[in-house]
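**Q** pasting a predicted model and its sequence here:
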Amino acid sequence: MQVIEPQKVYPVIVIGSGAAGGMAAWNLTRKGVQVLLLDAGDKFDRTKFWTHVRPWEARVRLAKGDHPPQFFLDTKEQPYVTPDDRPFELIRVWGHGGKTNVWGRVSLRYSEMDFKAADRDGWEINWPISYADVAPYYDQVEQLIGVCGGTDDSDALPGSKFLQPPPRPRCGENVLKRAAASIGIPMVAGRRANMTRPTRGFPPCHYCGKCGSGCDTASFFCSADHLLPFAMQTGKLEIRSNAVVARILVDDRGLARGVQYFDRKTGQEQEVYGKVVVLGASCVDSTRILLNSKSERYPNGVGNGSDNVGRYLCEQIRIHVKGFLPDLYGQPWQNDRGIGGEHVYMPRFNHRPGHTRDYLRGWGAQFWNTGSSSDGVNHYATRLPGFGASLKKDIKRRFPAWFEFHPFGEVLPYAHNRITVDESKTDRYGVPLLKIDYRIGDNEKKMAAHMYDVVEEVCRKAGAELVVFERGVLDNNGSAIHEHSTCRMGDDPKRSVLNRFNQMHEVKNLLVVDGSAFTTASEKNPTLTILALSWRATDHLAEEIGRGNL
């Protein structure tokens, strides 16, 4: 007689291992909950990162056929669709830790002004939570991952007593800071998930400045280093790599019962079953999974009776201004490598008395690449006139004086900005491709004009010589890599997808914990808030499991 073993049912299935999924797995397992984690990629080998490979060494190694780790997903493997006249630059990382392997590490708290923006200007809906609900989790996350920064506190950027010491500002950053202060705009110490002192057994940042190549000493936060190994130590976590999730499976009651996925290497279809599913595959991929999870019960995708899944996609607009600060011409070269990115930040200020605007919401600014770049002078040397010894002398004179200004502005949530799936086009597994239809509006164009006005004024006060400055030019849509809001939280199930604990209104045992849960985008980088909300949601989930409700 053949004995058929019953299919294992996991207490929780987590999809994705980046900030959202990694945090969910770490928090649930330490609370004693058994978790199966599905990741679309494999583990990146830190010993093979090119963190300390210099530019001239990289050229030689590339010529020999050597290559750094392939962090970013090739669109040939996983394409997506956009209207011909509205491109969207989608950046994805499939592999343990997701984008936290190479993220910018900017770790800014959202404020009450962000959570209750609709109360101020009437646009769309508020978050169903307040800053007070999230603040304790910000405290915990900052201590866990090692965020460095200053002691500044404001209505736009709440302060923290748990930040590690910040690195000192570079010379160029000090020049810009004084110029901004002269017109009443404060700049503060940046907040970044680079450890500046030993933390949880990890060494502090050694200021090599090459964070974008991955950190081979794990001195900045990456889920694959700082969450998953500790979850594995509990004995409660099982990881299946190269599991490309296609759909959420549901039972006859409309509850999630498991996940369909395909093996990335073999293409073989698999199903796994669980009592609860936590989706943290990043905003775009999580939304695609939900929309492809169609059934008789959910013809528009699981939990999408309100037709809100995929809508309200919002990212951020950016402009880029670059040039020289003549006050620094001829100065000795400085070791400006630092923590890879700027050491200062300009928080939102436009809502304060004395500032006028003709648009909703606001913007802040970052200053990466300011100073003596660790990558040399290639970014500006070809723009200078001259030849031979005189050109070399001019390049050296200007080297410490380079600066860059990178404002980020909030895009309003618009119902027409959305992700859908194209049934006529499928990937290598036969799963419908995602389609992104996204455009900014007049509000964002007015904001961008104000960005240029302010940046020009600050640069004039600093005596800057501008090299890159072209009014009206915006960075490509999607290039900020901060997608939000396609499964937004809210109190009204008719206008939102998730409740205040990231549970689907229509499917109580299905949670979404990545950036798609955000109600608004803000002007800030989202990862700190993703980590905090995932921790908060899985705290509530563990309590519900303990009570027998899930």
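**A** Everything's here; your move. Please read all numbers here as calculations on a predicted model, not as lab measurements.
**Q** Leu511 contacts Gln503, correct?
**A** Yes. Counting by CB atoms under 8 Å, Gln503 is a contact partner of Leu511 at 5.4 Å. Heads up, the C-betas are built off the backbone N, CA and C, glycines and all.
**Q** give me the common contacts of the two.
**A** Ala537 (CB atoms under 8 Å, 6 or more residues apart in numbering).
**Q** so for these two, which sits in the more crowded spot?
**A** The neighbour comparison of Leu511 against Gln503 (other CB atoms under 10 Å) goes to Leu511, with 29 against 24.
**Q** pretty sure that one is in a helix, no?
**A** No. Looking at Leu511 with DSSP: H, G, I helix; E, B strand; the rest coil, it is strand, so not inside a helix.
**Q** quickly find the element holding Ala532.
**A** Assessed by DSSP states H and E, Ala532 sits inside helix 527-546.
**Q** any stretches of this protein with poor pLDDT?
**A** Scanning the chain for pLDDT under 70 picks out 1-5.
**Q** report the angle between the longest strand seen in it and helix 527-546.
**A** Looking across the chain with DSSP state E, the single longest strand is strand 269-279. The directions of strand 269-279 and helix 527-546 differ by 100 degrees, with axes from the mean of the first three to the mean of the last three CA atoms, to 10 degrees as the criterion.
**Q** what lies in contact with the helix or strand following strand 269-279?
**A** The helix or strand immediately downstream of strand 269-279 is helix 283-292, counting by DSSP H and E. Helix 283-292 is contacted by residues 15-16, 40, 80, 90, 92, 245-248, 279-281, 300-304, 309-310, 313, 419-421, 431-432, 434, 436, 483-487, 512, 514-516 when judged by CB under 8 Å, 6+ apart.
**Q** what of stretch 68-79?
**A** With CB under 8 Å, 6+ apart, stretch 68-79 has contacts from 44-45, 48-50, 53, 58, 90-95, 101-102, 213-214, 425, 427-428, 433.
**Q** hmm, back to that, can I get the CA coordinates of the longest strand of the chain in CSV?
**A** Extracted in CSV, the C-alpha atoms of strand 269-279 (Å, rounded to 0.1, in the frame of the first residue of the first chain):
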residue,chain,number,x,y,z
GLU,A,269,6.0,24.8,-10.4
GLN,A,270,5.6,24.2,-6.6
GLU,A,271,2.9,24.9,-4.0
VAL,A,272,3.4,25.4,-0.3
TYR,A,273,0.7,25.8,2.3
GLY,A,274,0.4,28.0,5.4
LYS,A,275,-2.0,29.3,7.9
VAL,A,276,-0.8,32.9,7.4
VAL,A,277,0.9,34.6,4.4
VAL,A,278,3.1,37.7,4.9
LEU,A,279,3.9,39.5,1.7
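**Q** show me which residues of it are buried.
**A** Under the neighbour-count criterion of 16 or more other CB atoms under 10 Å, strand 269-279 has 270, 272-279 buried.
**Q** rewinding a little: any of the contacts of helix 283-292 buried? List them.
**A** Neighbour-count burial (16+ other CB under 10 Å) applied to the contacts of helix 283-292 gives 15-16, 40, 80, 90, 92, 245-248, 279-281, 301-304, 309-310, 313, 419-421, 431-432, 434, 436, 483-487, 512, 514-516.
**Q** helix, strand or coil for the nearest residue to Arg357 once chain neighbours are set aside?
**A** Closest residue to Arg357 apart from its sequence neighbours, by CB to CB, 6 or more residues apart in numbering: Asn350 at 5.1 Å. Three-state assignment for Asn350 (three-state DSSP): coil.
**Q** name the nearest residue to Gly146, ignoring sequence neighbours.
**A** Met195 (3.6 Å).
**Q** same question, Gly330
**A** Arg397 (5.1 Å).
**Q** can you give me the strands in the stretch 351-500 of the chain?
**A** 363-366, 402-410, 418-426, 432-437, 465-468 (DSSP state E, counting those that start in this stretch).
**Q** list the helices and strands the second one packs on?
**A** Think strand 402-410. For strand 402-410, the packing partners by 3 or more CB pairs under 8 Å, 6 or more residues apart in numbering; DSSP states H and E come out as helix 171-181, strand 316-318, strand 321-324, strand 363-366, helix 442-461.
**Q** of all these, which gets the most neighbours per residue?
**A** Of all these, strand 363-366 carries the top mean neighbour count, a mean of 25, counting by mean count of other CB atoms under 10 Å.
**Q** what lies in contact with that strand?
**A** Strand 363-366 has contacts (CB under 8 Å, 6+ apart) with 106, 108, 156-157, 190, 341-342, 345-348, 350, 405-410, 447, 450-451, 455, 523-524.
**Q** and it, how far from the chain's centre?
**A** With CA atoms, centre = their mean, to the nearest Å as the basis, strand 363-366 stands 15 Å off its chain's centre.
**Q** returning to what we had before: can you dump the C-alpha coordinates of the helix holding Ala532 into PDB?
**A** This file holds the C-alpha atoms of helix 527-546, laid out as PDB (Å, rounded to 0.1, in the frame of the first residue of the first chain):
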ATOM      1  CA  THR A 527      13.300  51.800   4.500                       C
ATOM      2  CA  LEU A 528      13.300  52.800   8.200                       C
ATOM      3  CA  THR A 529       9.600  53.000   8.200                       C
ATOM      4  CA  ILE A 530       9.200  49.700   6.300                       C
ATOM      5  CA  LEU A 531      11.300  48.000   9.000                       C
ATOM      6  CA  ALA A 532       9.300  49.700  11.800                       C
ATOM      7  CA  LEU A 533       5.900  48.800  10.300                       C
ATOM      8  CA  SER A 534       6.900  45.200   9.600                       C
ATOM      9  CA  TRP A 535       8.000  44.800  13.200                       C
ATOM     10  CA  ARG A 536       4.800  46.400  14.400                       C
ATOM     11  CA  ALA A 537       2.600  44.200  12.100                       C
ATOM     12  CA  THR A 538       4.300  41.000  13.100                       C
ATOM     13  CA  ASP A 539       4.100  41.900  16.800                       C
ATOM     14  CA  HIS A 540       0.300  42.000  16.300                       C
ATOM     15  CA  LEU A 541       0.300  38.900  14.200                       C
ATOM     16  CA  ALA A 542       2.200  36.900  16.800                       C
ATOM     17  CA  GLU A 543      -0.300  38.000  19.400                       C
ATOM     18  CA  GLU A 544      -3.200  37.000  17.200                       C
ATOM     19  CA  ILE A 545      -1.600  33.600  16.600                       C
ATOM     20  CA  GLY A 546      -1.100  33.200  20.300                       C
END
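**Q** now it and helix 283-292, what's the angle there?
**A** Using the same axes, to 10 degrees, the inter-axis angle of helix 527-546 relative to helix 283-292 is 40 degrees.
**Q** quick one: the helices in the stretch 51-200 of the chain, in order.
**A** Along the stretch 51-200 of the chain, the segments classed as helices by DSSP state H, counting those that start in this stretch run 55-63, 112-115, 117-121, 131-145, 171-181.
**Q** so which elements touch the shortest one?
**A** Translated: helix 112-115. Helix 112-115 is packed against helix 131-145, with contacts defined by 3+ CB pairs under 8 Å, 6+ apart.
**Q** in the helix it packs on, what counts as buried?
**A** Neighbour-count burial for helix 131-145 [16+ other CB under 10 Å]: 131, 133-135, 137-138, 140-142, 144-145.
**Q** show residues contacting it.
**A** By CB under 8 Å, 6+ apart, helix 131-145 touches 107, 109-112, 115, 147, 158, 160, 162-163, 193, 200, 221, 226, 500, 528-529, 531-533, 535-536.
**Q** and stretch 101-116, how far apart are its ends?
**A** One end of stretch 101-116 sits 32 Å from the other (CA to CA, to the nearest Å).
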